[in-house]
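>>> Next input, structure requested:
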Amino acid sequence: MKVLYEELTYRELSAPLMISQPDDAWHPLKGRNYIEWWYFDVMNRDGGIVRGQFHISRDVFWPLTLRTGVRATYVKPDGTEILIEEKFPYSSFKSSTEVCDVEIGKNFLKGDLSHYKLHIEDGDKVLDLELDSEIEGFKSHMCFGDETKYMFWVVPQPRSHAKGTFRTKDETLDIEGLGYRDHNWLNFFPPDVIAYWDWGRVYDKEFTVIFADIFMTKRFDNAEIKPLVIYDLDKLLYLTTESKKWSLTKTDVKYDPDTQTECPQTHIVKVQDEDLLLEMNLHLEKVFQKIDPLADFNPLLRFLIRTFKGKPAITSFFSLGSGRLNFSGRENALTCPTVHEFVRNI
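The predicted structure is shown next:
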């Protein structure tokens, strides 16, 4: 089986990368392996991290099997986590297929690529957030085996100004900081195709770096997909999917018994391509979230997946570090606050 994915490099935001509003709308697909989610996160100025998603999965033509819901968390600087998580019947889900306008119960996400507004609530806990884009987004997709199995990754907001509140019964937490938002959909069972991936985004004062290092299963010859993107404050500087042009190295690895995953204490990102040199050392500050994707599955199904397919887990990290970017002869020192995660499917 082959992965159909072009390895290319761009120095500007050209037509294949450009996003239109339908790219951020709903993409209902037939089939039990359909999954779609709209993700967001914010590095708050107080050192906290806000993140969440709107999601829908399984066959939209069989409403009784379909899963949909919302999730939002505020991880305070001391590691305390406030969680909103609700599941809903398909009858509570409404969305446009032309623009980003998603409603799940009283929760919503609406926007037009430049500005988004979202609301997530659960009893006494309420998140209200607005994100204003600072740079233009990009999109990418890949196919597996043939063009009938695919995954899309759309990033409407690689970097945005985020502002809002996270309210509980006892307090109101102000949110203001740098935000990120993306949108994904696929139509295959992930453990059959993707073994694991690393994903992250780095916010320097002047530059934004987004990377993903995705490893396929043996069925797809352990192929690797490696998009990496660099922006300055105004525009895209560089985007490559050529795996030979950059590397992600993990060092000082320590085993985490809670998630049964390895937690590197340092991630090293290096890019070398003609007039561009990027080096970043990302040092782990904290593991701020651990998620079991099978937590709400039927116990028997969860047992079968873990026994015969894999033990999926999502581990999220916050790292700090430093680096340098030499672009067209100009040397830039980087500071590297980073939200990143390791997703294991097998």
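
>>> for the biggest strand by length in the chain, the distance to its chain's centre please.
Ranked by residue count, the top strand of the chain under DSSP state E comes out as strand 146-167. The chain centre lies 7 Å from the centre of strand 146-167; the measure is Cα atoms, centre = their mean, to the nearest Å.

>>> how about whichever helix or strand comes after it: buried residues?
The C-terminal neighbour of strand 146-167 among helices and strands, as given by DSSP states H and E, is strand 172-186. Of all the residues in strand 172-186, those buried under the rule 16 or more other Cβ atoms under 10 Å are 173, 175, 177, 178, 179, 180, 181, 182, 183, 184, 185, 186. All C-beta spots, glycine's among them, are computed from the backbone N, C-alpha and C.

>>> now stretch 226-234
226, 227, 228, 229, 230, 231, 232.

>>> can you check stretch 209-226 too?
209-217, 220, 223, 225-226.

>>> what's next to that stretch, contact-wise?
1-3, 5, 142, 144-145, 153, 155, 158, 191-202, 227-231, 240-243, 246, 248, 269, 278, 280, 346 (Cβ atoms under 8 Å, 6 or more residues apart in numbering).

>>> In ChimeraX, select just the buried ones from those residues.
Those of these that count as buried under 16+ other Cβ under 10 Å are selected in ChimeraX with:
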select :3,5,142,144,153,155,158,191,192,193,194,195,196,197,198,199,200,201,202,227,228,229,230,231,240,241,246,248,269,278,280
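
>>> Among the contacts of stretch 209-226, name the ones in strands.
Using DSSP E, the contacts of stretch 209-226 in strands are 3, 142, 144, 153, 155, 158, 194-202, 228-231, 240, 246, 248, 269, 278, 280.

>>> which stretches of the protein have low pLDDT?
258-260, 292-298, 300-310 (pLDDT under 70).

>>> Would you map out the domains in this structure?
18-188, 191-346 (automatic domain parsing).

>>> In a markdown table, list those along with distance to residue 9.
What follows is the domains of the chain, written out as a markdown table (distance: least, Cβ to Cβ, whole Å):
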| stretch | distance to residue 9 |
| --- | --- |
| domain 18-188 | 13 |
| domain 191-346 | 4 |
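
>>> Ok, which of those comes nearest residue 12?
Proximity to residue 12, assessed across those by Cβ to Cβ, is greatest for domain 191-346 (6.2 Å).

>>> Which among the domains of the chain is found nearest to residue 10?
Closest among those, using Cβ to Cβ: domain 191-346, at 4.5 Å.

>>> re the thing from before, with distance to residue 121 added, can I get the buried residues of stretch 226-234 in JSON lines?
Listed next are the buried residues of stretch 226-234 as JSON lines, based on distance: Cβ to Cβ, whole Å:
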{"residue": "226", "distance to residue 121": "38"}
{"residue": "227", "distance to residue 121": "34"}
{"residue": "228", "distance to residue 121": "36"}
{"residue": "229", "distance to residue 121": "33"}
{"residue": "230", "distance to residue 121": "37"}
{"residue": "231", "distance to residue 121": "33"}
{"residue": "232", "distance to residue 121": "37"}
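
>>> wait, residue 40 sits on residue 129?
Yes - using Cβ atoms under 8 Å, residue 40 is in contact with residue 129, at 7.3 Å.

>>> Next, show the common contact partners of those two.
50, 118, 179.

>>> out of those residues, who's nearest residue 25?
residue 118 (15.2 Å).

>>> Contact partners for residue 31?
So residue 31 contacts 59, 187 (Cβ under 8 Å, 6+ apart).

>>> now the helices for the protein?
According to DSSP state H, the chain carries its helices in the segments 190-193, 299-308.

>>> so residue 76 makes contact with residue 50?
No - judged on Cβ under 8 Å, residue 76 makes no contact with residue 50 at a distance of 10.2 Å.

>>> Who does the closest residue to residue 106 other than its chain neighbours form a beta bridge with?
Closest residue to residue 106 apart from its sequence neighbours, by Cβ to Cβ, 6 or more residues apart in numbering: residue 121 at 5.9 Å. According to DSSP bridges, the partner residues bridging residue 121 are residue 126.

>>> For residue 121, give me its contacts.
Taking Cβ under 8 Å, 6+ apart, one finds 84, 106, 107, 127 in contact with residue 121.

>>> what does residue 103 give?
93, 94, 95.

>>> Just the closest of those to residue 299, please.
Proximity of those to residue 299 (Cβ to Cβ) peaks at residue 93, which lies at 25.3 Å.

>>> For the closest one, give its distance to residue 48.
As judged by Cβ to Cβ, to the nearest Å, residue 93 and residue 48 stand 29 Å apart.

>>> that older thread, buried subset of the contacts of residue 103 as a ChimeraX selection?
Buried members of these, defined by 16+ other Cβ under 10 Å, are picked up in ChimeraX with:
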select :93,95
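
>>> In CSV: the contacts of residue 103, plus distance to residue 64.
Output for the contacts of residue 103, formatted as CSV (distance: Cβ to Cβ, whole Å):
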residue, distance to residue 64
93, 13
94, 18
95, 19
